[in-house]
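Predicted model follows, preceded by the sequence.
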Amino acid sequence: MLMINKLAGFTDIKFFLGFLFINFTIISLFTGWLSSDLFDKRKEKEQETTYDDSEEDIFLSADPTVRVAHETLQYMRLGLNEVTARKTAEIIQKICEIPAIAITDREKVLAYLGAGCENHKPGDRILTEATKYVIATGEHKIVNSTEELNCTKTDCDCPLSAGVIAPLKLREEVVGSLKLYQTKDGQLAPNIVRLTIGIAQLLSMQMELAELDRQRQLVTEARLDALHAQINPHFLFNTLNTIIMYIRKDPDKSRELLIRLADFFRKTLNRRGHFITLKEELDCVRTYFALEKARFGDKIRLIEDINPELLEYPIPVFSIQPLVENAIKHGITPKNGNGTITIRAKQKGNDLHLSIIDTGVGIPPNKLDKVLQPGYGSGNGVGLSNVHLRLQSLYGEDRGLKIVSSEGKGTAIHMYIPLKEKEIQKASSFS
């Protein structure tokens, strides 16, 4: 769990996401002002003189950075590589209509579009000293002539003459650069410089969000692994206790149960990931119930009410078995007389609705809010809270277990697992 805490402590993800959102908002407001300023200046120029479609003027478009941020988000969230860089460059060039654009990592060109593209290809090492300066210092650089670009390529006939180079950063470390070029010498307008820097900052924030999302996934995976690890020893311990009871009085029965247990764990250990089909989970439940049936006899009974069209749908591993175990141990066995457990699987809207219903002693109202807390009670905290936390980790805070109980009558535990489109159509046609 130490590893999980370290991952979860990654700059306090919720706080940092809020911090990024505030910064994103500030930059959006800034670039919105910039775009408005650019637009107003263009209108003033049009009123004063005939409009000249120069390379400076083609940068002047209404709200370009917001459009760039919106359209590039899906790519930059995947990280910085040749594929995402090219898609991003295409979007920036389309929106800003610039003569040339390049995106690099720290060592090589990832994407280059526009004038001079035959000289600067993806995969080529960074040649211009101006770009190397930005990578090394983390500061943007404005170049107003071919000489300032200082390309080290021999006999380079590149038409680029001026541009702005801005760093791309991830957690304050420079990971690449964004370069917007023009093909004529001369002083770049301050608005063009601010536009380039604004886009670079937005792209950097998108990469920050992608990294945070990756860290969140790592935390979730680590948490799921830890929760999953709780299940196997818990189940094994209880099952072995049942088998031990039969070793002296019925060796053949104990051997049969051991074979069942071995087969069960063979299937379990061969699993990969955190999901199995509903059919496979029910097979596990039946094996477990057979082991408990050997102990309790006719006191316990299992009923399955399952839509067969949902049997191949993936659900979290060990999401039903612990609930059946809890129903037997804390619902039916304390009860005078026999009891029944019903497992129900139906489609409800866009969800797979799973219910585990028992006719046991029920849960007292003053304990109902506590049973999902880890460690609560004598053992039931492991099973119920484990499934509850895993469902929340996978599907969201509102997707945990829902418990309805009536003291002296029984308990119903519900979970709702989102169905994919093909499962919805399949189940609906069956209904």
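Now that the structure is in, tell me what you want to look at. Numbers count the residues shown, from 1 in each chain.

residues contacting the residue lying closest to residue 166 once chain neighbours are set aside?
Leaving aside its sequence neighbours, residue 166 sits nearest to residue 200 (Cβ to Cβ, 6 or more residues apart in numbering; 3.6 Å). Glycine gets a C-beta too; all of them are placed from N, C-alpha and C. Applying Cβ atoms under 8 Å, 6 or more residues apart in numbering, we find residue 200 in contact with 140, 166, 167, 168, 177, 178.

I'd like to know which of these are buried.
140, 166, 167, 168, 177, 178 (16 or more other Cβ atoms under 10 Å).

Now, these that are in strands?
Using DSSP state E, the subset of these located in strands is 166, 167, 168, 177, 178.

For the first one, which residues are in contact?
With contacts defined as Cβ under 8 Å, 6+ apart, the neighbours of residue 166 are 134, 140, 177, 178, 179, 196, 197, 199, 200, 201.

How much space separates the nearest residue in space to the fourth one that is not next to it in sequence from residue 360?
In space, and not counting its chain neighbours, residue 178 is closest to residue 200: 4.5 Å by Cβ to Cβ, 6+ apart. Distance from residue 200 to residue 360, counting by Cβ to Cβ, to the nearest Å: 62 Å.

ok, now residue 310?
26 Å.

same thing with residue 164?
Residue 164 is 71 Å from residue 360, by Cβ to Cβ.

what residue ranges in the stretch 51-200 of the chain are flagged as low confidence?
For the stretch 51-200 of the chain, applying pLDDT under 70 flags the ranges 51-63, 116-119, 149-157, 185-186.

With distance to residue 354 added, can I get the buried ones among the contacts of residue 200 in JSON lines?
Shown next, in JSON lines, are those (distance: Cβ to Cβ, whole Å):
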{"residue": "140", "distance to residue 354": "55"}
{"residue": "166", "distance to residue 354": "52"}
{"residue": "167", "distance to residue 354": "51"}
{"residue": "168", "distance to residue 354": "46"}
{"residue": "177", "distance to residue 354": "51"}
{"residue": "178", "distance to residue 354": "49"}
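
which two in these are spaced the farthest apart?
140 and 168 (10.9 Å; Cβ to Cβ).

And the next helix or strand past the biggest helix by length in the chain?
The longest helix of the chain (DSSP state H) is helix 190-249. Where DSSP states H and E defines the elements, the next helix or strand beyond helix 190-249 is helix 251-269.

Which strands or helices does that following helix pack on?
Counting contacts by 3 or more Cβ pairs under 8 Å, 6 or more residues apart in numbering; DSSP states H and E, helix 251-269 is packed against helix 190-249, helix 278-296.

where among those helices is the average confidence lowest?
Ranked by mean pLDDT, these end with helix 190-249 at the bottom, a mean of 76.

Any idea how far that one is from the middle of the chain?
9 Å (Cα atoms, centre = their mean, to the nearest Å).

ranges for the helices of this structure?
Assigned helices in the chain, in chain order: 2-8, 13-48, 64-76, 82-96, 129-137, 146-149, 190-249, 251-269, 278-296, 321-327, 380-395, 421-430 (criterion: DSSP H).

got the angle between the longest one and helix 82-96?
Here helix 190-249 runs at an angle of 140 degrees relative to helix 82-96 (axes from the mean of the first three to the mean of the last three Cα atoms, to 10 degrees).

Point out the most buried one among the helices and strands packed on helix 251-269.
Of all these, helix 278-296 has the most neighbours on average by mean count of other Cβ atoms under 10 Å, namely a mean of 19.

what packs against that one?
helix 190-249, helix 251-269, strand 300-306, strand 314-316, helix 321-327, strand 339-348.

make it 7 Å
The helices and strands touching helix 278-296, judged by 3 or more Cβ pairs under 7 Å, 6 or more residues apart in numbering; DSSP states H and E, are helix 190-249, helix 251-269, strand 300-306, helix 321-327.

can I get the CA coordinates of it in PDB?
Listed next in PDB are the C-alpha coordinates belonging to helix 278-296 (Å, rounded to 0.1, in the frame of the first residue of the first chain):
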ATOM      1  CA  LEU A 278     -20.700 -13.000 -15.900                       C
ATOM      2  CA  LYS A 279     -20.700 -16.700 -16.900                       C
ATOM      3  CA  GLU A 280     -17.200 -17.200 -15.400                       C
ATOM      4  CA  GLU A 281     -18.100 -15.300 -12.200                       C
ATOM      5  CA  LEU A 282     -21.200 -17.500 -11.800                       C
ATOM      6  CA  ASP A 283     -19.100 -20.600 -12.200                       C
ATOM      7  CA  CYS A 284     -16.900 -19.300  -9.400                       C
ATOM      8  CA  VAL A 285     -20.000 -18.700  -7.300                       C
ATOM      9  CA  ARG A 286     -21.300 -22.200  -7.900                       C
ATOM     10  CA  THR A 287     -17.900 -23.800  -6.900                       C
ATOM     11  CA  TYR A 288     -17.900 -21.700  -3.700                       C
ATOM     12  CA  PHE A 289     -21.500 -22.500  -3.000                       C
ATOM     13  CA  ALA A 290     -20.800 -26.200  -3.400                       C
ATOM     14  CA  LEU A 291     -18.100 -26.000  -0.800                       C
ATOM     15  CA  GLU A 292     -20.300 -24.200   1.600                       C
ATOM     16  CA  LYS A 293     -23.200 -26.500   0.800                       C
ATOM     17  CA  ALA A 294     -21.000 -29.300   2.000                       C
ATOM     18  CA  ARG A 295     -20.800 -27.500   5.400                       C
ATOM     19  CA  PHE A 296     -24.300 -26.200   5.800                       C
END
